[in-house]
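Trainee: Show me how the following folds:
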Amino acid sequence: MTGPDVPPSFTLAYVPGVTPTKWVRIWNERSPDVPLVLVQVSAADAAATARDRAADAVLLRLPIDRTGLHAIPLYTETTVVVVPKDHVAAAADELSTDDIADDIVLHPLDDTLDWERPPGRPAISRPATTADAIQLVAAGIGLLVVPQSLARLHHRKDLTYRPLADAPESRVALSWPEDETTDLTEQLIGIIRGRTVNSTRGPAPTPAPAKPAADTRKPAPRTPRRPTPKTGKRGKPRRRA
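Mentor: Numbering: from 1, shown residues only. Below you'll find the predicted structure:
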C-alpha cells in the first residue's frame, strides 16, 4: 500500500491452499526496494478484501461476485474427495459422484466449488470451515470434496484423497479493484503470467550498439605490371645472338 510519507509496498492477500512463494521470489529479485507483503484471508472474506482495498490484490477462488473487481483466472485445480484410509473408496484410483452417492458428504460454509447439487447425502449440519470438515472426516462422520490444494494443506496420516472425475473444478484468480490498476499491479500480473524482465510490459531492454556499415565499394582495377627483360648474372641485359 502507498500514501503520503509511506514507503512503497504491495500487499497481496491469498486464500488457504494457494502458494505464491515462486511469485514472491521473482518479485523480490526484480523489485528489492518494494516489499511484497503477504496476508492470508479466508475464502469467505477474499472478495471483500479486494473490494474494500484492504490489500492491493488478492489470490482467490472463483466464482465470486465480481462487482467492482477485476478477476484474471490463473489456473484450474483438480477436485478430490477426502476419505479415511480404511474407506472402501481409498482402493480406487479415481471416483465419480455416483461412487459416493450413499455416503454422507460434508459441505462446509466456506466451500467454493460451484455445485448445482452437492453429491452424497447431506450431513445434519454444515461445518463452518474446511478445517472443521477435515476433523469430521477423520472421525468417520463423512467425506469431503475439495480442491486438491486444500486436501494437501490439511493432510493427515489417517486420511487420503482421490480425484473426483465429474465434480466442478476450482479456478484460482488474481483480483483487484477495477479503478486501481497500478504499475505495481501490472508488475505482479506480468510475474504471474511468466513475463520476462525484457518483455513489452517490463523495463525496456538496452539497445545493442550499432555495427559499422559494411564498405560496399569495389576496389579500383590494378594496373598490370610491364614485364622486365631477363638479366644475366650481373643484372645486365643479355645480347641477342
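Trainee: Next up, the contacts around residue 108.
Mentor: Neighbour list for residue 108: 126, 127, 128, 129, 130, 132, 133, 144 [criterion: Cβ atoms under 8 Å, 6 or more residues apart in numbering]. Using the backbone N, CA and C atoms, a C-beta is placed for each residue, glycine as well.
Trainee: Nearest to residue 60 among those?
Mentor: Closest approach to residue 60 among those (Cβ to Cβ): residue 130, at 14.4 Å.
Trainee: give me the number of residues near the closest residue to residue 100 other than its chain neighbours?
Mentor: Spatial nearest neighbour of residue 100, chain neighbours left out: residue 120 (5.1 Å); criterion: Cβ to Cβ, 6 or more residues apart in numbering. When counting by other Cβ atoms under 10 Å, one arrives at 20 neighbours for residue 120.
Trainee: Over to residue 183?
Mentor: Other residues close to residue 183 by other Cβ under 10 Å number 8.
Trainee: Can you give me the buried ones in stretch 187-197?
Mentor: 187, 188, 189, 190, 191, 192 (16 or more other Cβ atoms under 10 Å).
Trainee: Poorly predicted segments of this protein, please.
Mentor: Segments of the chain classed as low confidence (criterion: pLDDT under 70) are 1-7, 198-241.
Trainee: which residues in it form helices?
Mentor: Remark: helices assigned in the chain by DSSP state H are 21-30, 46-51, 130-138, 148-153, 183-192.
Trainee: Find the centremost residue of the chain, please.
Mentor: residue 192 (4.4 Å; Cα atoms, centre = their mean).
Trainee: what sits against the closest residue to residue 54 other than its chain neighbours?
Mentor: What sits nearest to residue 54 in space, not counting adjacent residues and going by Cβ to Cβ, 6+ apart, is residue 13, at 7.2 Å. By Cβ under 8 Å, 6+ apart, the residues touching residue 13 are 38, 39, 40, 41, 46, 49, 50, 54, 55, 57, 58, 59.
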